[in-house]
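A.B. asks: Give me a model of this one.
(2 chains)
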Protein chains: 2
Amino acid sequence: MNKDFMLKAVYLAKKAEETDDVPVGAIVVKDGEIIGEGYNKREADGDPTAHAEIVAIRQAAETLGSWRLDGCELYVTLEPCPMCTGAIINSRIETLVFGAYDKKAGSASNESVTNLFNLPYNHIPTVYGGICEKECAELLTEFFKKRRV
Amino acid sequence: MNKDFMLKAVYLAKKAEETDDVPVGAIVVKDGEIIGEGYNKREADGDPTAHAEIVAIRQAAETLGSWRLDGCELYVTLEPCPMCTGAIINSRIETLVFGAYDKKAGSASNESVTNLFNLPYNHIPTVYGGICEKECAELLTEFFKKRRV
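C.D. replies: Below is the predicted model:
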């Protein structure tokens, strides 16, 4: 686990704001190399599945030429929702590192709505939550503050 | 709810077998019209997110030009996994109709690993499970029987 990758995810997250998308960024790393990256493009692409994690996971699979992301780490600025937590399980990601907790829509920690990783699915990753939490949470606080003005 | 759409999903599911993908098919319907369809392409595309539901949901969003699939029904031959159940919630699908139950990896009924629809997420659809269950389950039984030979 390397915090620099999370700071790169924070950098990517900011790009989402250009299209009024909620700023969330994600990176897939294998053997210290970035093989996939993404930010939330739900509004930009009109695609309900285009969360940062899904975009990064699809790009990583394309890079590797395989849907199996064995030995990969996913860094994401916000705790994954059920869709993205499920995609992490399906792609066999080995390590999940997330920044801010999402108590309203998260599903990857005991702090949130549910923790899918506690269930008997195959290929449960190791999880580090709350990494660079302040930077990751600020992204969202600032975004929603601007929208309320 | 119209069983003919499930039979169309069964027809689509069979196409997945051509690339040795587990046969699952899905259709998105709005106002009686098919606006998205898909079958499992995980192996074909080397994409861990290319489950039948995700393919159909993305196509429906493209058809409508919006990530909001309000008023849409999703027909799928197999109970959705967490990723797909999450995508159904995220896209605001109004009605989910599924065929076979998936006790090992499902997350959309009380018969399975978990039922994400029992949790306090927004936009929970109405669910009909076990529709054309025999036809949908046979697809999978036959597929796995052939692979064991």
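
A.B. asks: Tell me the residues on chain A that lie near chain B, please.
C.D. replies: Chain A comes close to chain B at residues A:42-43, A:45-51, A:54, A:57-58, A:61-62, A:64-69, A:81-87, A:89-92, A:105, A:107, A:113-114, A:116, A:119-121, as judged by C-beta under 8 Å from any C-beta of the partner chain. In short, each C-beta sits where N, CA and C put it, glycine included.

A.B. asks: Buried by neighbour count, from these: which ones?
C.D. replies: Neighbour-count burial (16 or more other C-beta atoms under 10 Å in any protein chain shown) is assigned, among the residues of chain A next to chain B, to A:42, A:45-51, A:54, A:57-58, A:61, A:64, A:67-69, A:81-87, A:89-92, A:105, A:107, A:113-114, A:116, A:121.

A.B. asks: and those, which of them are in helices?
C.D. replies: Among these, the ones falling in helices (DSSP state H) are A:42, A:45, A:54, A:57-58, A:61, A:64, A:82-87, A:89-90.

A.B. asks: Can you tell me which of those is closest to B:Glu138?
C.D. replies: The closest of those to B:Glu138 turns out to be A:Asn90 (C-beta to C-beta; 24.2 Å).

A.B. asks: The closest one and B:Cys81 touch, don't they?
C.D. replies: Yes - the pair A:Asn90 / B:Cys81 is scored as a contact, 6.8 Å apart, by C-beta atoms under 8 Å.

A.B. asks: Are there residues contacting both of these two? Which ones?
C.D. replies: Residues touching both A:Asn90 and B:Cys81 (C-beta atoms under 8 Å, 6 or more residues apart in numbering or on different chains) are B:His51.

A.B. asks: thought A:Asn122 was touching A:Ser91?
C.D. replies: No - between A:Asn122 and A:Ser91 there is no contact, the gap being 11.9 Å when judged by C-beta under 8 Å.

A.B. asks: which other residues reach the worst-scoring helix or strand of chain A on mean pLDDT?
C.D. replies: Using mean pLDDT, DSSP states H and E, the weakest-scoring helix or strand in chain A turns out to be helix A:133-148, at a mean of 94. Counting by C-beta under 8 Å, 6+ apart, helix A:133-148 makes contact with A:6-7, A:9-10, A:13-14, A:17, A:22-24, A:77-78, A:98-101, all of which sit outside it.

A.B. asks: Which pair of the residues you listed spans the longest distance?
C.D. replies: Farthest pair in these (C-beta to C-beta) is A:Glu17 and A:Tyr101. Separation: 20.9 Å.

A.B. asks: Let's see which of the contacts of helix A:133-148 end up in strands.
C.D. replies: Counted as lying in strands by DSSP state E, out of the contacts of helix A:133-148, are A:77-78, A:98-100.

A.B. asks: Kindly reformat those residues as JSON lines containing pLDDT and neighbour count.
C.D. replies: Output for the ones in strands among the contacts of helix A:133-148, formatted as JSON lines (pLDDT from 0 to 100; neighbours: other C-beta atoms under 10 Å in any protein chain shown):
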{"residue": "A:Thr77", "pLDDT": "98", "neighbour count": "32"}
{"residue": "A:Leu78", "pLDDT": "98", "neighbour count": "29"}
{"residue": "A:Phe98", "pLDDT": "98", "neighbour count": "30"}
{"residue": "A:Gly99", "pLDDT": "98", "neighbour count": "30"}
{"residue": "A:Ala100", "pLDDT": "98", "neighbour count": "24"}
